[in-house]
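Trainee: Provided below are the primary sequence and the corresponding predicted coordinates.
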Amino acid sequence: MDRKQVTLAISIIVLVFLLWLFATQGAKLIFGCQINTDQFRNVYTSLSALFSALAFGAVILTLLLQRGDLKVQKERANLQNFENNFFKLLEQHHRIVDSFIINVKENDPNDSILPMPEKKSTFLKLEAFDFLARDFKHRFIEVKKIRFHVDKSYQTIFIHAFLHHTYGKYGYMLSHYFRNLYHIVVFIDESKALKTLSEKKKYVSLLRAQLSAPEINLLAWNCMTYHGKAFKPLVERYKLLKNMNFTYEMVDLKWLAEIYPHIKKEIRKDNPIFSFETEKGLEPGY
């Protein structure tokens, strides 16, 4: 019970007490003279009925207030339960990242794409994500050299490079990572403890803050393939690529912005004079 409710209850008690205390004086004003015993009894009988009605009303009011308190307590408990599970999922995400290991694999003898030259053969944790992002950039450029004179579709080249080379070699680690990340976002999106989209975005932003630059880029590339088909709408809804680092990016930026409209602002930050074509002409930078 909050302060307003306590104040209201005390005020009602004081009012009832004053009404009882000055009942006789009130009767005198009503009857205009001294009242006899029968009249006095009638006054207090009427007051008793009034107090009984007030008591009944107070019981109903108490039940309504308790119901409201129980609802608030239930909502708080649901939110607390959600946050406990959410932070457990974040811990699980960090455990997956900490256990992430990439052992550089030899190329298939029939593969015409030369591997990116590396002094190390094993990459751990965030360094492994950085390797995957750089390795994909290398392979995309090499695939483009071979295929671009035949097929000028960025999407075709991209899909071939990512699925055949990056996912084909290192999907055993990436699949687990992306499934867990997808599960966290779905958990937030479907939570009944969060009433508004802005509340959900707050928790997704906490998740996004845990992602490194190469993780965000790999997430964008994954969602452009059938592997991330279900994840892509959530990525766009919650702007998971908001802090995308275009150092790793090599695809056409206009094409990328068509797939993920929310990153237009990020593209303009890195390219102040960059403009996007719209039906009304050019959409200027800011």
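Mentor: Great, that's in hand. Numbering: from 1, shown residues only.
Trainee: With adjacent residues omitted, what lies nearest to E75?
Mentor: Sequence neighbours aside, A193 is the residue nearest to E75 in space, at 7.4 Å (criterion: C-beta to C-beta, 6 or more residues apart in numbering). C-beta here means a position set from N, CA and C on the backbone, and glycine is covered the same way.
Trainee: quick one: the strands in the chain?
Mentor: Secondary structure of the chain (DSSP state E): strands at 101-103, 122-124, 276-278, 281-283.
Trainee: Least reliable of those strands by average pLDDT, please.
Mentor: Among the strands of the chain, strand 281-283 has the lowest mean pLDDT, at a mean of 38.
Trainee: Show me the shaky parts of the stretch 51-200 of the chain.
Mentor: The model of the stretch 51-200 of the chain has pLDDT under 70 over residues 51, 53-58, 61, 63-70, 107-112, 147-155.
Trainee: For it, just list every one of the helices.
Mentor: Secondary structure of the stretch 51-200 of the chain by DSSP state H, counting those that start in this stretch: the helices cover 125-147, 154-159, 168-189, 197-208.
Trainee: which one of these lies closest to S99?
Mentor: Proximity to S99 (C-beta to C-beta) singles out helix 125-147 among those, at 8.2 Å.
Trainee: quick check: angle from the closest one to helix 168-189?
Mentor: Helix 125-147 and helix 168-189 are oriented at 120 degrees to each other (axes from the mean of the first three to the mean of the last three C-alpha atoms, to 10 degrees).
Trainee: Please point out which parts of helix 125-147 sit buried.
Mentor: 127-133, 135-140, 142-144 (16 or more other C-beta atoms under 10 Å).
Trainee: likewise stretch 176-188?
Mentor: Using 16+ other C-beta under 10 Å as the test for burial, stretch 176-188 gives Y177, F178, L181, Y182, I184, V185, I188.
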